[in-house]
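Chemist: Build the 3D model from these lines:
(one chain, ligands or ions: 2)
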Amino acid sequence: MTNAKTTVRISLGERSYDVVIGPGLAARSGDLIATRFPSARCAVVTDSNLTARHLPALVAGLTHRHAGTIVLKPGEASKSFSELGALCERLLALGLERGDLVIAFGGGVIGDLAGLAASIVRRGVRLVQIPSTLLAQVDASIGGKTAINTAQGKNLVGTFHQPSLVITDTELLATLPPREMRAGYAEVVKYGLLGNAAFFAWLEANFDGLLGHDSAALAHAIATGVRAKAAIVARDELENNDRMRLNLGHTFGHALEAWAGFSARLLHGEAVAIGMAQAFRFSVELGHTSKATADRVAAHLSQVGLPTRIADIPGNERPDVANLMRLMRQDKKVSSGKFTLILARGIGDTFVTRDVAADRLADFLAREII
Ligand SMILES: NC(=O)c1ccc[n+]([C@@H]2O[C@H](COP(=O)([O-])OP(=O)(O)OC[C@H]3O[C@@H](n4cnc5c(N)ncnc54)[C@H](O)[C@@H]3O)[C@@H](O)[C@H]2O)c1
Ligand SMILES: [Zn+2]
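Modeler: Ligands and ions are numbered 1, 2, ... in the order given. Sure, this is the predicted structure:
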């Protein structure tokens, strides 16, 4: 394996950082960290699906910088107040000081939880993300959002805490279950759809290599996604306006995820795939884009094995319109009965609209449920 790596700089003034992308980088983390933070000790936070295959090489590479490893249970349930409290205490017990680092080594769950802990322990210590799912590599590890869930909903408690470095090792994905890989791929497609038609066309031609773990294809796709997210985040770090475009497919998708109980029945990326197909179909209905465009989007998602319609969700029960409308209302602010959605004029050409009338949306959803 070559040592080829790509570095993407996230430009956020004094909070700027590098995302280093390539195969085999987790084992080289010690060196990548030492050149930037020579005297920092590192506390690793990970989950038990990473310990057998991937953790030993990371820890070996950290050498004397390794302060300890905290292994959590895999799964969304770890993003809770109780796990956050326990994690903060354990980080303090490892003797973590202000100049030290928390390393979030895992998928988006570990990134969100360890990121939140890093932002509050000792009023904030530095965070290094080493994302191990495609979703986390292309999306969750950059941008600085951290979160836990509460009884009221997902990601309702959190902070903005930018990492100081992101180390994206494409080889970690070799052990990722194919379904998780496809779910992460939906977020890769999102970047093409929301602002880069040439990248979408590249994905149509190269998805096989990417999902087959070709490291050059993966590195190219991840770097393109990270650059797109970085450009948007740099313009709108706190999500006041343009950053909302990153939510393409997410208002529809979150409603379906919530309806499915955030369960293994429908993974986040799968819900986003359906949501993106819906955003394009709704855009056709409202006269913003052509049916051929929406068909092309759905065809690519289907081709890789992602769902594009509510009927593709396994199981017999179907949501009703009132239920979906209620869930969509919760997801994004509604003002005077109008919904905010991300719609499309074409592939790579999306926009935020704040005046979608509830009855138009209800009509559309009624047809989607059939
Ligand atoms: N902060 C953000 O900007 C942001 C963005 C998107 C999503 N998220 C959050 O990310 C979470 C979803 O992240 P995810 O999809 O990475 O899920 P995840 O962290 O739950 O990981 C999915 C599964 O894969 C396992 N796994 C991780 N890496 C592996 C590997 N290399 N080999 C084998 N198994 C591996 C995990 O243990 C888990 O069982 C959600 O909680 C979501 O809210 C955050
Ligand atoms: Zn997402």
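Chemist: Helix, strand or coil: sort out Asn316 for me.
Modeler: Following DSSP: H, G, I helix; E, B strand; the rest coil, the label given to Asn316 is coil.
Chemist: and it, what are its phi and psi?
Modeler: The phi and psi values for Asn316, taken as degrees, to the nearest 10, are phi -100, psi -30.
Chemist: burial count for it?
Modeler: When neighbours are defined as other CB atoms under 10 Å, Asn316 has 5 of them. In this view, the C-beta of every residue, glycine as well, is placed from N, C-alpha and C.
Chemist: And for Asp169?
Modeler: 27.
Chemist: The nearest residue to Thr63 once chain neighbours are set aside: how many residues sit nearby?
Modeler: Closest residue to Thr63 in three dimensions, ignoring its sequence neighbours and counting by CB to CB, 6 or more residues apart in numbering: Gly30, at 5.5 Å. Neighbour count for Gly30, taken as other CB under 10 Å: 18.
Chemist: now swap in the one 4 residues further on and tell me
Modeler: The burial count assigned to Ala34 is 15, neighbours taken as other CB under 10 Å.
Chemist: what's it in contact with, if anything?
Modeler: Ala34 is in contact with Arg65, counting by CB atoms under 8 Å, 6 or more residues apart in numbering.
Chemist: roughly how far apart are it and ligand 1?
Modeler: 24 Å (CB to the nearest ligand atom, to the nearest Å).
Chemist: Doesn't that residue belong to a helix?
Modeler: Yes. The assignment for Ala34 is a helix, going by three-state DSSP.
Chemist: Show the pLDDT at the spatially closest residue to Phe81 that is not a sequence neighbour.
Modeler: In this structure, Phe81 finds its nearest non-sequential neighbour in Ile148, 6.3 Å apart by CB to CB, 6+ apart. According to the prediction, Ile148 has pLDDT 97.
Chemist: measure the residue in the stretch 151-300 of the chain positioned nearest to ligand 1 to His213 for me?
Modeler: Per CB to the nearest ligand atom, Thr175 is where the stretch 151-300 of the chain lies closest to ligand 1, at 3.6 Å. As judged by CB to CB, to the nearest Å, Thr175 and His213 stand 10 Å apart.
Chemist: and the residue nearest to Asp320 when sequence neighbours are not counted, what is it in contact with?
Modeler: Once flanking residues are discounted, Asp320 sits nearest to Ile369: 7.0 Å by CB to CB, 6+ apart. Residues near Ile369 by CB under 8 Å, 6+ apart: 310, 318-321, 324.
Chemist: Now these in TSV, please, with extra columns for pLDDT and distance to Val20.
Modeler: As requested, the contacts of Ile369 are exported to TSV (pLDDT from 0 to 100; distance: CB to CB, whole Å):
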residue	pLDDT	distance to Val20
Ile310	97	39
Arg318	92	45
Pro319	95	42
Asp320	94	47
Val321	96	46
Leu324	94	41
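Chemist: Which residues are in contact with the closest residue to Arg309 other than its chain neighbours?
Modeler: Using CB to CB, 6+ apart and skipping the chain neighbours, the partner closest in space to Arg309 is Ile274 (6.5 Å). Taking CB under 8 Å, 6+ apart, we find Ile274 in contact with 249, 252-253, 256, 307-310, 312-313.
Chemist: again, but for Phe280
Modeler: 193, 289, 293-294, 297-298, 344.
Chemist: Would you mind listing which of those are buried?
Modeler: Buried members of the contacts of Phe280, scored by 16 or more other CB atoms under 10 Å, are 193, 289, 293-294, 297-298, 344.
Chemist: If you count neighbours, what's buried in stretch 301-321?
Modeler: 301, 304, 306-310, 313, 319, 321.
Chemist: Make CSV out of the buried ones among the contacts of Phe280 and add pLDDT and secondary structure.
Modeler: Shown next, in CSV, are those (pLDDT from 0 to 100; DSSP: H, G, I helix; E, B strand; the rest coil):
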residue, pLDDT, secondary structure
Leu193, 98, helix
Thr289, 98, coil
Thr293, 98, helix
Ala294, 98, helix
Val297, 98, helix
Ala298, 98, helix
Ala344, 97, strand
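Chemist: In TSV: those, plus distance to ligand 1.
Modeler: What follows is those, written out as TSV (distance: CB to the nearest ligand atom, whole Å):
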residue	distance to ligand 1
Leu193	16
Thr289	26
Thr293	26
Ala294	24
Val297	20
Ala298	22
Ala344	21
